[in-house]
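Colleague: here's a sequence, model it:
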Amino acid sequence: MTRSAPAKNSVEPEASGQSARKRRAILDAATEVFLKSGYLGTNMDEIAALSEVSKQTVYKHFASKEALFVEIVMRMTRAAGDTVHNEMQDLAKGGDVADYLRNYAFRQLTVVLTPRLMQLRRLVIGEVSRFPELARVLYEGGPKRALAILADAFQRLADRGLLTIDDPLLAASHFNWLVMSQPLNQAMLLGDAAIPKPAELRRHAADGVRVFLAAYGKA
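Modeller: A predicted model of the protein is given here:
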């Protein structure tokens, strides 16, 4: 009797799952090494050892150290953005717009000002002259995406008569810098120890929202 050949796709899910696990392990290990050692201080041998795969496997998933770092920047900024924006549901009917904006502002501050994201920002800024692609990835996945989502939310609030806005993207930019500028600059330049405590961030968020609504509140 002729033995039938095994189905080709019988091992594909397992192989695919194993490949995905190795990729995640490499990204997790590389994130720790890059944040600890910086771009120049990171080598692929250390990443391979920490992720418990061969150096050849690392290069199978990522063609170069730069490509791996770009992926990490994309991964971290996307995850941070999702944490902020996925919880930003539309304001319930009868809800208080000031409270809604204060909660959003505080959540944005809390997420962006985590030590790991601050480390990543400093690291990317330090490599801008050699790898401008890194800064583009960070900007598009972080501030640019945040402004676009916020502008859409402001337009919906304006459509309901809760805000007075002619240019939603400009309003989003004003809101973003009223809320983010001082704490972000403080943390970027003075280090993680200078990141404000939650109570201070809440006060800052409330002050920023108050000024924003003085300009864009319901007419």
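Colleague: show me how this structure divides into domains.
Modeller: 10-62, 69-216 (automatic domain parsing).
Colleague: any idea how far the longest one is from the middle of the chain?
Modeller: Just to be clear, that refers to domain 69-216. In this view, domain 69-216 has its centroid 10 Å away from the chain centroid, taken as Cα atoms, centre = their mean, to the nearest Å.
Colleague: if we can go back for a sec, least reliable of the domains of the chain going by mean pLDDT?
Modeller: Mean pLDDT values for the domains of the chain show the minimum at domain 10-62, a mean of 85.
Colleague: quick one: it to chain centroid distance?
Modeller: For domain 10-62 - counting by Cα atoms, centre = their mean - the centre lies 21 Å from the chain centre.
Colleague: give me the nearest residue to the most centrally placed residue in the chain, chain neighbours excluded.
Modeller: Nearest residue to the geometric centre of the chain (Cα atoms, centre = their mean): residue 77, 2.3 Å. Spatial nearest neighbour of residue 77, chain neighbours left out: residue 141 (3.6 Å); criterion: Cβ to Cβ, 6 or more residues apart in numbering. (Each C-beta comes from the backbone N, C-alpha and C, glycine too.)
Colleague: same check, this time on residue 201
Modeller: Closest to residue 201 by Cβ to Cβ, 6+ apart is residue 109, at 4.7 Å.
Colleague: what residues are up against the closest residue to residue 110 other than its chain neighbours?
Modeller: Among residues not flanking residue 110 along the chain, residue 201 sits closest, at 6.5 Å (Cβ to Cβ, 6+ apart). Each residue near residue 201 by Cβ atoms under 8 Å, 6 or more residues apart in numbering is listed here: 106, 109, 110, 113, 183.
Colleague: if we go to 10 Å?
Modeller: By Cβ atoms under 10 Å, 6 or more residues apart in numbering, residue 201 lies in contact with 105, 106, 107, 108, 109, 110, 113, 179, 183, 195.
Colleague: just among those, which is most surrounded?
Modeller: residue 179 (27 neighbours; other Cβ atoms under 10 Å).
Colleague: correct me if wrong: that one contacts residue 212.
Modeller: Yes. Judged on Cβ atoms under 10 Å, residue 179 makes contact with residue 212 at a distance of 8.1 Å.
Colleague: identify the contacts common to the two.
Modeller: With Cβ under 10 Å, 6+ apart as the test, residue 179 and residue 212 both reach 101, 105.
Colleague: what packs against the longest helix that the chain contains?
Modeller: Scanning the chain for the longest helix, with DSSP state H as the assignment, gives helix 12-37. Packing partners of helix 12-37 (3 or more Cβ pairs under 10 Å, 6 or more residues apart in numbering; DSSP states H and E): helix 44-51, helix 55-61, helix 65-85, helix 115-126.
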